[in-house]
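[1] fold the stuff below for me.
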Amino acid sequence: MDYKFGPHVEEKGVTFRLWAPNAKGADLDLDGPRHAMHKRDDGFWEVFVEGVKPGARYRFNVEGHNVPDIASRAQEHDSDGWSIVRGSFGIPPMDGPLSPWHQAVICEVHVGTATPEGTFSALTDRLEYFRDAGYTTLEIMPIADFPGKRNWGYDGTLIFAPDTSYGTPDDFRALVDRAHELGVCIVLDVVYNHFGTVYNYLPKYCPEWFDESVKTPWGPGIDFSKSEVRQFYFENAVWWLTEFDLDGLRFDAVHEIKSKGSDSFLGDLAKVCRANKPGCKLIIENMDNHAYWLERDERDEPVKYSAQWNDSYHHVMTYLITGEPKGGYDDPNKDAIADLEKALADGFVHDGDDEADNGGQNRGGPASQLPMEAFVQFVQNHDWIGNRADNSRLAERIDPRRGHFARFVTMLQPSLPIAFMGDEAWITSKFPFFYDLPEPFASDKAKDRYDQMRNIFNEEVEDGALPDPQDPATFEMAKLDWSQLDRSENKQVLENFRHIAALRREQIWPLTATRCLNAWSARQSSGIICTWQYEAGCHNMALNPTDEQIEMSFQSSDPSATVGDFRREGDHVWLGPWSALIWRS
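    Have a look, this model is predicted:
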């Protein structure tokens, strides 16, 4: 790609560019010498400086404001400081991802808390653990340069630069290369719906980047009707996919990308990614549940995006196994069993493209025409741990029977499973919200956190009850407790995960490697029977998501695997509480 943003390293020097179409002037500061930049017709300010080499410090001065390069490839220290000239690695990327999408068994990982050291290098040293557990893909939470030394990742302001608290760009590339050596794919979470508010200088020198008429939870929305703004994000996606040879990207909350031109931007973004990295894994988070982003072509390949995080499945499954009235299940009139049946067979419970949608009672909407590999299913992730008042994981809130049931159903349906780091062994480390911000931003954000917990996540919290996100102890609390792997009970749970992952490889991959033809389901009492039909055969599951034994009647071959209690006499089957079985036909 011919990059417009960021330093362009040439044989005799470096060309620097900054987009600020209405600025009255801009200078390049090379840590002492200043160079006036000239304005091009497209709104970019530009200057070529002979003799500059990679590693040089630089920043821009726009109308009296010293600012880092919004497309900085690396920072010297924090995101408000000096940018560092950096060229390409010069290593051609793979022609496509390491393994096909249908083989994804995903672990969501936060670099800063996955290891005691919290660095790319330390995570590199732990990659064999994740591979041996049965994961084929790590989905890395955002690493874009953020303010301070600690952050969930969603306050980034320099989205081309890996945060220095994790290491260097070379360290991150080494992590990706080592993962590929081990047969593990790397997908990176990127944030294109907003910038963090701290050390975000764009509103000062380039207000054109935003559309004041578009409201988001973080302030005015980004204006994707402007070609230069769109180009910035196209270049960022390609930079990660090709320069770091990533296998894919996960796009945060695309429903908050909503300015004029947002749909065409999202469509073009997928095209640009696939043109530069054929077969890349592109995952979206989208509360609007629009099936058209996930459509397949005549070869059953994704036209735009590979899959979506499916909150529908999360909400109903966690309600059933915990009894907690969250995710919309504070409504006593909801039929959670019907919702689970629909999530298993159709994907979305609430189909955003179905005008007649009425929850689990309405079937056959547009999402039901998609293959199940268009959905990423989970029972918890960073959000659904961190946005609880107690920050607790399911392993602390449910008994092992329910935990094994949820794992079995999530891992052994054809949709793609994702787990949060440590869940494979039921590690109970909490994941509270944390950051490292200067005042007054730290205090303001802490107050806003209470508003979010009460009004968005419906958590009843008293003032002072939440862990202080600014306190380093809160960050330490979020670190994965590897010592729990020395316990016999955690070792057994990890071994069970490995067994389930192996079953998925043996039972489901041969089917999902072929075209998905259909999916249907039936309900008997509180039990569900699902069949997913592929060109290579049918995968079947019967399950009892309740506390009571149920009797069902169906024909099946001998089960390939079971969880809980199962008894059969002819066509009559008794499933104990929180029990399930799978078989081929």
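[2] what stretches of this protein score poorly on pLDDT?
    355-363 (pLDDT under 70).
[3] so what are the domain limits for it?
    Domain assignment for the chain by automatic domain parsing gives 8-84, 103-506, 515-584.
[4] which of those domains sits most buried?
    For the domains of the chain, the largest average neighbour count (mean count of other CB atoms under 10 Å) is found in domain 103-506, namely a mean of 19. In this view, the C-beta of every residue, glycine as well, is placed from N, C-alpha and C.
[5] measure that domain end to end?
    Taking CA to CA, to the nearest Å, domain 103-506 runs 11 Å from one end to the other.
[6] show me the contacts for F475.
    G112, T113, R150, F434, D436 (CB atoms under 8 Å, 6 or more residues apart in numbering).
[7] most widely separated two among these?
    The largest distance within the contacts of F475, taken as CB to CB, falls between T113 and D436 and amounts to 13.3 Å.
[8] before we move on, the earlier item: nearest to G90, of the domains of the chain?
    That would be domain 103-506 among the domains of the chain, by CB to CB, at 9.6 Å.
[9] for the stretch 1-150 of the chain, just list every one of the strands.
    Remark: strands assigned in the stretch 1-150 of the chain by DSSP state E, counting those that start in this stretch are 8-9, 13-19, 26-29, 34-36, 38-39, 44-50, 57-62, 65-67, 83-84, 106-109, 137-140, 144-145.
[10] any chance of those strands in TSV, plus distance to S368?
    Formatted as TSV, the strands of the stretch 1-150 of the chain follow (distance: least, CB to CB, whole Å):
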stretch	distance to S368
strand 8-9	48
strand 13-19	43
strand 26-29	53
strand 34-36	59
strand 38-39	53
strand 44-50	47
strand 57-62	51
strand 65-67	49
strand 83-84	48
strand 106-109	23
strand 137-140	26
strand 144-145	36
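[11] closest one to G364 among these?
    strand 106-109 (28.3 Å).
[12] what pairs with the closest one, parallel or antiparallel?
    strand 137-140 (parallel), strand 416-420 (parallel) (DSSP bridges).
[13] go through those and name the closest to D42.
    Nearest of the strands paired with strand 106-109 to D42, taken as CB to CB: strand 137-140 at 33.5 Å.
[14] which residues does T318 contact?
    T318 neighbours (CB under 8 Å, 6+ apart): E324, K326, G327, V379, Q380, W384, L394.
[15] if we can go back for a sec, compare the strands of the stretch 1-150 of the chain and give me the one nearest W583.
    Nearest of these to W583, taken as CB to CB: strand 106-109 at 25.4 Å.
[16] V176 contacts G248, doesn't it?
    No: look at V176 against G248 with CB atoms under 8 Å: they stay out of range, at 11.6 Å.
[17] I159 against V190, yeah?
    Yes: counting by CB under 8 Å, V190 is a contact partner of I159 at 6.8 Å.
[18] touching both of those two, which residues are there?
    Joint contacts of I159 and V190 (CB under 8 Å, 6+ apart) are A144, N236.
[19] in CSV, list the C-alpha atoms belonging to stretch 17-36.
    Once non-C-alpha atoms are left out, stretch 17-36 reads as follows in CSV (Å, rounded to 0.1, in the frame of the first residue of the first chain):
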residue,chain,number,x,y,z
ARG,A,17,3.2,14.3,6.5
LEU,A,18,0.4,15.7,8.7
TRP,A,19,-3.3,16.1,7.7
ALA,A,20,-4.7,19.3,9.1
PRO,A,21,-6.6,20.9,6.2
ASN,A,22,-7.6,24.1,8.0
ALA,A,23,-4.5,24.8,10.0
LYS,A,24,-2.7,28.1,9.3
GLY,A,25,0.7,26.5,9.5
ALA,A,26,2.7,23.5,10.6
ASP,A,27,6.4,22.8,11.4
LEU,A,28,8.4,19.6,11.9
ASP,A,29,10.4,19.5,15.1
LEU,A,30,13.4,17.1,14.9
ASP,A,31,14.4,17.5,18.5
GLY,A,32,16.0,20.9,17.9
PRO,A,33,16.0,21.8,14.2
ARG,A,34,12.6,23.0,12.9
HIS,A,35,11.5,22.7,9.3
ALA,A,36,8.5,24.5,7.9
